[in-house]
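Q: Show me the folded form of this:
(2 chains)
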Amino acid sequence: AQSVTQLDSQVPVFEEAPVELRCNYSSSVSVYLFWYVQYPNQGLQLLLKYLSGSTLVKGINGFEAEFNKSQTSFHLRKPSVHISDTAEYFCAVSDVHTGGFKTIFGAGTRLFVKA
Amino acid sequence: DGGITQSPKYLFRKEGQNVTLSCEQNLNHDAMYWYRQDPGQGLRLIYYSQIVNDFQKGDIAEGYSVSREKKESFPLTVTSAQKNPTAFYLCASSIVPANTGELFFGEGSRLTVL
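A: Numbering: from 1, shown residues only, chains lettered A, B, ... in the order given. Modelled structure (predicted):
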């Protein structure tokens, strides 16, 4: 069975500092990988996705992530964060064979950006 | 603008009452989903529907029911059998075929049982 582990439940960081939010997954088959962002009392918005091809994926708002198949990781990074990046971030994985009907989400990482 | 509309945004319910959450999409997506979100637990799948008049149970379907009479609509009923219904409920949709798992979400409905 697939699972997703987000290694940090909360990440505090100062404004303009770099940040990395970690995500590891377990799966016996090929996967699609996603990062979503959620602002308070709102739905989730797609930040970026890995479907195939280049392992370095760029998304919106200056975020990027790197797919590492050998380490089964998909860590999210931003070189310089802003106060407006304060939100909860979810890593998600789906099986390429069953598609999106059984997407699995991590527990989320709450990013706090301090002035 | 295309998107997913959930209503109501906030809902209060007394124990023993059923409540229905609305989800409407104008993205022309075939697949629709309901997720439950609890603090520190991520999102858990309640039900999903691939096409009209068809739906499947997710991981936590007990105490919930759905219908899919129209492509645009996928309402969720939280029944009195759901033992702990207080949560944030998210509706989503996706493109089929080539369903990669990329999901488009509504703004959510927060249900509180008094």
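Q: Check chain B for the residue nearest chain A and tell me.
A: At 2.9 Å from chain A, residue B:101 is the closest residue in chain B, using Cβ to the nearest Cβ. All C-beta spots, glycine's among them, are computed from the backbone N, C-alpha and C.
Q: Give me the neighbour count for that residue.
A: 23 (other Cβ atoms under 10 Å in any protein chain shown).
Q: how deep is the closest residue to it other than its chain neighbours tucked in, by neighbour count?
A: With sequence-adjacent residues excluded and distances taken as Cβ to Cβ, 6 or more residues apart in numbering or on different chains, residue B:101 is closest to residue A:94, at 2.9 Å. When neighbours are defined as other Cβ under 10 Å, residue A:94 has 26 of them.
Q: partners of the strand or helix carrying residue A:94, with directions?
A: Under the criterion of DSSP states H and E, residue A:94 resides in strand A:87-95. When pairing is defined by DSSP bridges, strand A:87-95 lines up against strand A:31-38 (antiparallel), strand A:99-105 (antiparallel), strand A:109-114 (antiparallel).
Q: near chain A, which residues of chain B?
A: Taking Cβ under 8 Å from any Cβ of the partner chain, the part of chain B that reaches chain A is made up of B:4, B:6, B:9, B:31, B:40-45, B:48, B:50, B:56, B:88, B:90, B:92, B:94, B:96, B:99-108, B:110.
Q: Filter those residues down to just the buried residues.
A: Restricting the residues of chain B next to chain A to buried positions leaves B:4, B:6, B:31, B:42-45, B:48, B:50, B:88, B:90, B:92, B:94, B:99-106, B:108, with burial counted as 16 or more other Cβ atoms under 10 Å in any protein chain shown.
Q: who in chain A is up against chain B?
A: Contacts of chain A with chain B, taken as Cβ under 8 Å from any Cβ, map to A:4, A:9, A:32, A:34, A:36, A:41-46, A:49, A:51, A:90, A:92-94, A:96, A:99-103, A:105-108.
Q: Nearest to chain B within chain A, name that residue for me.
A: Across chain A, the shortest distance to chain B (Cβ to the nearest Cβ) belongs to residue A:94, at 2.9 Å.
Q: Read off the pLDDT value for that residue.
A: You'll see residue A:94 listed with a pLDDT of 89.
Q: again, but for residue A:105
A: The predicted structure scores residue A:105 at 93 on the pLDDT scale.
Q: you'd agree it is up against residue A:90?
A: Yes: contact criterion Cβ atoms under 8 Å: residue A:105 and residue A:90 qualify, at 5.3 Å.
Q: Buried subset of the residues of chain A next to chain B as a PyMOL selection?
A: The following PyMOL selection, which keeps only the buried ones among these, applies the criterion 16+ other Cβ under 10 Å:
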select buried, chain A and resi 4+32+34+36+42+43+44+46+49+51+90+92+93+94+99+100+101+102+103+105+106+107+108
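Q: What lies in contact with the lowest-mean-pLDDT helix or strand in chain A?
A: The helix or strand of chain A with the poorest confidence is strand A:99-105; it has a mean of 81 (mean pLDDT, DSSP states H and E). Contacts of strand A:99-105 with the rest of the structure, by Cβ atoms under 8 Å, 6 or more residues apart in numbering or on different chains, involve A:2-4, A:25, A:32, A:34, A:90-95, B:31, B:42-45, B:48, B:50, B:56, B:94, B:96, B:99-103.
Q: Identify those among those residues that sit within strands.
A: Taking DSSP state E as the definition of strands, these contribute A:3-4, A:25, A:32, A:34, A:90-95, B:31, B:43-45, B:48, B:56, B:94.
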